[in-house]
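Engineer: Here is my input, please return the structure:
(chains A and B)
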There are 2 protein chains.
Amino acid sequence: MRFKFLLAIFLSSSLAVSAQHTDSLFLRKIYDEALVNGKPYQNLEYLCKKIGPRLSGSANAQKAVDWTKKLMEHYGFDRVFLQEVMVPHWVRGEKEQAKIIAGNQQISVPVVALGGSVATAKNGLTAEVIEVQGLQELKTLGEQAVKGKIVFYNRPFDPRFIETGAAYSTASDQRFRGPAEAAKYGAVGVIVRSMTEIIDDYPHTGATSYEEGGNKIPAAAISTKGANQLSALLKQKGAVQFYFKQNCQTLPDVLSYNVVGELKGTENPNEFITVGGHLDSWDLAEGAHDDGTGVMQSVEVLRIFKAIGYRPKHSIRAVMFMNEENGHKGGTKYAELAQKNNEKHIAAIESDEGGFTPRGFSFNAIQPQLLQKINKNWKSLLEPYEVDRFINGGAGTDIEPLKATVPAVILIGFRPDSQRYFDLHHSAKDVFENVNKRELELGAASMASLIYLIDQHGLSF
Amino acid sequence: MRFKFLLAIFLSSSLAVSAQHTDSLFLRKIYDEALVNGKPYQNLEYLCKKIGPRLSGSANAQKAVDWTKKLMEHYGFDRVFLQEVMVPHWVRGEKEQAKIIAGNQQISVPVVALGGSVATAKNGLTAEVIEVQGLQELKTLGEQAVKGKIVFYNRPFDPRFIETGAAYSTASDQRFRGPAEAAKYGAVGVIVRSMTEIIDDYPHTGATSYEEGGNKIPAAAISTKGANQLSALLKQKGAVQFYFKQNCQTLPDVLSYNVVGELKGTENPNEFITVGGHLDSWDLAEGAHDDGTGVMQSVEVLRIFKAIGYRPKHSIRAVMFMNEENGHKGGTKYAELAQKNNEKHIAAIESDEGGFTPRGFSFNAIQPQLLQKINKNWKSLLEPYEVDRFINGGAGTDIEPLKATVPAVILIGFRPDSQRYFDLHHSAKDVFENVNKRELELGAASMASLIYLIDQHGLSF
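Structural biologist: The predicted structure is shown next:
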């Protein structure tokens, strides 16, 4: 009995070792294909340079839909299809103008309208500025101090966070909720310090949101250099006026699409592992890191599997979500359709933190025991590629709605190095030239590796 | 007895937990200082933009010596001093010219003389080209095939390596030994494919070495695009000629210096922990990542300790080594003086792989058990900063000689992310603009953290 028991342990551990060895060899195959024959860099170049900015509802967004569909058809994926989705259509209009007016001094500063903002009057808006460090200070100051003024939200990124996403998270309420809150106290406009730590002349846009029935006041982001200048003048002069002019507007919703490519599962074709990014981008640049890298890596995952002849057990989907930036309509639609079509989703991975060197993956709200098991089983396999940091954390805006419609799904965020992302994010600097070929390829290979492991072994252990 | 024994275990583990807690708080203090008040970025800007390229023996190298000495004096380190060292003085002269001559076609291509190379004749060198993939193929072909020709070493980086340093290591024999070997078979010149994976128009220089008494033939690096073009034409046409002209020369040796800053140890002032990088650089750019970042991070380590009021037990030195690129004279001198002055060196850390996001440290040739202990004791402390990858591996060219003169020293290499380094390394692209402020600061903080732990707990466990 005892001997049989020991033999069983020996055999099962031998099998485990041999499975590990098979997996290890297979991961090496994935990386070799990605690093030797990788295509995401040239595909990204096309998306950035031949198509360019692709804000939801724009002609360029439609071009990106058509082209990525063709690309995946060209790669011969088993199925390539579109999912219809109505998206908001906000347009910036003419380039914005802004200046600080301090006594006789007039200083031009770079601003960009926040996504979703209303325009100023045709000849612009001029008012006295009140600087606040955030929503709490606004509330404390109240209507008496704020009424008739332009509220200037100037709380910077906290540099002490190691992960820059955390600095973004704790600063971005100023942009997203700041204008709606300021309007409640009678403010006539809002200027928000750009959501970045870097000090330069590039303003960073991003979505803001008004309240249903609330007053809609124009809102713009100012470059960090401009914000420092404005703040210094306020300290120096006491009272300073600000002028800005923007003629952005929201047009009627437009029919657009998620683009989906699929490799059919050989054993469980109605069970899915999804990998995706968002195809739309802000209008100021090429949406290279946000999120051209994510969509091109997702396509690459499927291309790698086909190239090395891997036939997955489960169906694997690359999803180019539409409208992450200003509405999340594509992600919501994907989740709705998953429920409607009774699709079982095992896992969904999103790459939307840039195409930098991969560090690991964050698993959204999973049990500590499961995370421990993932670490125990897979950490050593991914260690040679330095992408073995598995943590609990956020996953991605586009895949989040899936949790509500397919509760069993495990949501996973791809975690690249975060240091450079917010230097570029939502600004005119988010261009192809700032993407590194190898970093992009390593990210695709790491996602393909994790998907292979999930496809082979599941996530229930 | 049993009770006492348990109590002892309890007390000692409590003490361990409490020491861990103290260390953890202290590391947070180091990072806060680095990220909030960090100075390496502005110091690097000065070194790159106000001084610039600083090849050994040049006037700029001397300016860099004078300025870093003043900088450390300004920070009020306990002792700042120079170590005299004679260094080679090679100069490039006029910009090189080169073209591929294929029948009637003449195609200009970018080349740079290799460091240490001799000049061509005044009107240049023209000869038929023979392409080889490395030293082995050269040997196989032999004198009959090689004599009178220009040998073109064209083995590219192997993209399958995850760490790019490994690709460099396996390709760079072509540059370092290629010209001396080719001369043995009667070659009249050498062209080497630039040591990078990226395909562009920038040639990358680097040291080559002739053999004592061997024939010295002129040698240059060609950009990767130029190399691909030359190789394609060779395949297409069979016979192709190459022309290049360079008038570099080696002048008499020059007196130069290592620059050393020191915080005096409170308990063991004659026991040292050294952190350093090299102050010299190649002449084509600003030596930003190679190795301005390393020297400015080393100064920053001491500045952080002073700023947060840390009085180390052992003496901590920031060393700006001279002449890493083409002679290693500074590192050799430092090791000689350590022996002569009977200094006990506990550990030496070098940062010479760029100022990118830190990943960990490599410990040179240490016992596996010691590496295990380092991991067991310190990994969790550095994990929040994502710089907890401790491996066995190379340390750094400047600190290597110390092992021979002070055998007890532990040599440690700072390991930043490696993906972008060889895109820039030794080329005109190695400029300040390609350095990221936060990445640089995180590197300095990670080195300060490791030095703090070594200073507090030693490396003997």
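Engineer: check contacts around A:N43.
Structural biologist: Going by Cβ atoms under 8 Å, 6 or more residues apart in numbering or on different chains, A:N43 touches A:71, A:296, A:299-300. (Each C-beta comes from the backbone N, C-alpha and C, glycine too.)
Engineer: and the gap between it and chain B?
Structural biologist: Distance from A:N43 to chain B, counting by Cβ to the nearest Cβ, to the nearest Å: 17 Å.
Engineer: Can you give the distance from the stretch of helix or strand that residue belongs to to the centre of its chain?
Structural biologist: When elements are assigned from DSSP states H and E, A:N43 belongs to helix A:40-45. Offset of helix A:40-45 from its chain centre (Cα atoms, centre = their mean, to the nearest Å): 18 Å.
Engineer: circling back: of the contacts of A:N43, which is the most crowded?
Structural biologist: When neighbours are counted by other Cβ atoms under 10 Å in any protein chain shown, A:M296 leads these with 32 neighbours.
Engineer: List the buried residues in the helix or strand just after the helix holding A:N43.
Structural biologist: Later in the chain than helix A:40-45, the nearest helix or strand by DSSP H and E is helix A:59-74. Judged by neighbour count using 16 or more other Cβ atoms under 10 Å in any protein chain shown, the buried positions of helix A:59-74 are A:60-62, A:64-65, A:67-69, A:71-72.
Engineer: same thing with stretch A:157-172?
Structural biologist: Neighbour-count burial for stretch A:157-172 [16+ other Cβ under 10 Å]: A:157, A:159, A:161-165, A:167-168, A:171-172.
Engineer: now swap in stretch A:376-395 and tell me
Structural biologist: A:377-378, A:381-382, A:385-390, A:393-395.
Engineer: And the residue of the stretch 151-300 of chain A at minimum distance from chain B, how close does it get to A:S315?
Structural biologist: When scored by Cβ to the nearest Cβ, the stretch 151-300 of chain A has A:P159 as its residue closest to chain B, at 4.5 Å. Plainly put, A:P159 is 44 Å away from A:S315 if you go by Cβ to Cβ, to the nearest Å.
Engineer: just the helices in chain A please.
Structural biologist: With DSSP state H as the definition, chain A shows helices at residue ranges A:2-37, A:40-45, A:59-74, A:135-146, A:164-171, A:173-176, A:178-184, A:224-237, A:293-307, A:329-340, A:368-382, A:402-405, A:421-424, A:437-457.
Engineer: Just say which of those is most tucked in.
Structural biologist: helix A:293-307 (a mean of 28; mean count of other Cβ atoms under 10 Å in any protein chain shown).
Engineer: could you check the angle helix A:59-74 makes with that one?
Structural biologist: Angle of helix A:293-307 versus helix A:59-74, following axes from the mean of the first three to the mean of the last three Cα atoms, to 10 degrees, is 10 degrees.
Engineer: For helix A:293-307, output the C-alpha coordinates as PDB.
Structural biologist: Extracted C-alpha coordinates of helix A:293-307, given in PDB (Å, rounded to 0.1, in the frame of the first residue of the first chain):
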ATOM      1  CA  THR A 293       0.300  48.200 -29.500                       C
ATOM      2  CA  GLY A 294      -2.400  46.300 -27.600                       C
ATOM      3  CA  VAL A 295      -4.400  45.600 -30.700                       C
ATOM      4  CA  MET A 296      -1.400  44.600 -32.800                       C
ATOM      5  CA  GLN A 297      -0.100  42.400 -30.000                       C
ATOM      6  CA  SER A 298      -3.500  40.700 -29.800                       C
ATOM      7  CA  VAL A 299      -3.500  39.900 -33.600                       C
ATOM      8  CA  GLU A 300       0.100  38.700 -33.200                       C
ATOM      9  CA  VAL A 301      -0.900  36.200 -30.500                       C
ATOM     10  CA  LEU A 302      -3.200  34.400 -33.000                       C
ATOM     11  CA  ARG A 303      -0.700  34.800 -35.800                       C
ATOM     12  CA  ILE A 304       2.000  33.100 -33.700                       C
ATOM     13  CA  PHE A 305      -0.200  30.200 -32.900                       C
ATOM     14  CA  LYS A 306      -1.000  29.700 -36.500                       C
ATOM     15  CA  ALA A 307       2.600  30.100 -37.600                       C
END
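Engineer: which helices and strands does that helix pack with?
Structural biologist: helix A:2-37, helix A:40-45, helix A:59-74, strand A:249-263, strand A:268-278, strand A:314-321, helix A:437-457 (3 or more Cβ pairs under 8 Å, 6 or more residues apart in numbering or on different chains; DSSP states H and E).
Engineer: Need the mean per-residue confidence for that helix.
Structural biologist: Summarised as a single mean, pLDDT over helix A:293-307 is 98.
Engineer: again with stretch A:36-43
Structural biologist: For stretch A:36-43, the mean confidence score works out to 98.
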